[in-house]
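>>> okay, sequence plus prediction incoming.
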Amino acid sequence: ALRMFSNLLSLQCEQIIQHLNHKIPGVNIAELCQRIQTSGIEINVGDLAKIANIISFLFSTAARNNLSTEELVATLGNAVSALPKHAVQVIRHVWNEQGKSTSVSEDAKNMATMGQFVDIKWKLGVAMSSDACRSLKYPYVTVTLKVADPSGQITDKSFEMTIPQFKNFFKQFKEMAAVLETV
């Protein structure tokens, strides 16, 4: 179980570095949590998200300040005193292998307060009836946006729109596309 945990922690660290280098939009904490739980280790999504936030902050700070591996490990020891030795070794190894190429650009610093778009899914539905109306036949569009927050944690945001709202939404996207064509 310890080896499996180390492998999954390593994967999480690698994904955080890829996120910081803009190679992936974020880290799917829910998927990683499921993999860890499947391996027999008890952890919940909230705790794993906290770990990801700490590692992401640590790696971005290390990249911004050009910290050596030893400086990173010392900072980690000061920040999280109860961290198991094998976890520190995994973080040290990943930073040694991949972290030194991490650079935090001005764009990344500015994006630190915003989420990043990952994916969009939509479906068209029709409400057939309700307790107030037997024959409703009311169409609507459901949109689910997959967004990576500044720490890289991916979440889904869903909302419904009436057909007139969707037409306005679509019109605004066409306007954005037209502006992008001029750039």
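Yes, it's here.

>>> contacts, neighbours, all on C-alpha from now
Fine.

>>> surely Phe59 touches Gln18?
No. Using C-alpha atoms under 8 Å, Phe59 makes no contact with Gln18, being 11.0 Å away.

>>> so for those two, which sits in the more crowded spot?
Ranked by neighbour count (other C-alpha atoms under 10 Å), Phe59 and Gln18 place Phe59 first, with 26 against 18.

>>> mind listing the strands for this structure?
Assigned by DSSP state E, the chain shows strands spanning 116-127, 138-148, 154-162.

>>> residues touching Cys33, list them.
Counting by C-alpha atoms under 8 Å, 6 or more residues apart in numbering, Cys33 makes contact with Ile43, Asn44, Val45, Leu48.

>>> with pLDDT, neighbour count and distance to Thr162 added, can I get these in a markdown table?
Formatted as a markdown table, the contacts of Cys33 follow (pLDDT from 0 to 100; neighbours: other C-alpha atoms under 10 Å; distance: C-alpha to C-alpha, whole Å):
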| residue | pLDDT | neighbour count | distance to Thr162 |
| --- | --- | --- | --- |
| Ile43 | 81 | 12 | 40 |
| Asn44 | 80 | 14 | 36 |
| Val45 | 81 | 14 | 33 |
| Leu48 | 81 | 18 | 37 |
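
>>> quick one: these as JSON lines, columns for distance to Tyr138 too.
Below are the contacts of Cys33 laid out as JSON lines (distance: C-alpha to C-alpha, whole Å):
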{"residue": "Ile43", "distance to Tyr138": "43"}
{"residue": "Asn44", "distance to Tyr138": "39"}
{"residue": "Val45", "distance to Tyr138": "37"}
{"residue": "Leu48", "distance to Tyr138": "41"}
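
>>> can you tell me which of these is nearest Ala87?
Among the contacts of Cys33, Leu48 lies closest to Ala87 (C-alpha to C-alpha), at 13.4 Å.

>>> still on that earlier bit, for the strands of the chain, which one ends up most surrounded?
strand 138-148 (a mean of 17; mean count of other C-alpha atoms under 10 Å).

>>> pretty sure Val90 sits against Ser6.
Yes. Judged on C-alpha under 8 Å, Val90 makes contact with Ser6 at a distance of 6.5 Å.
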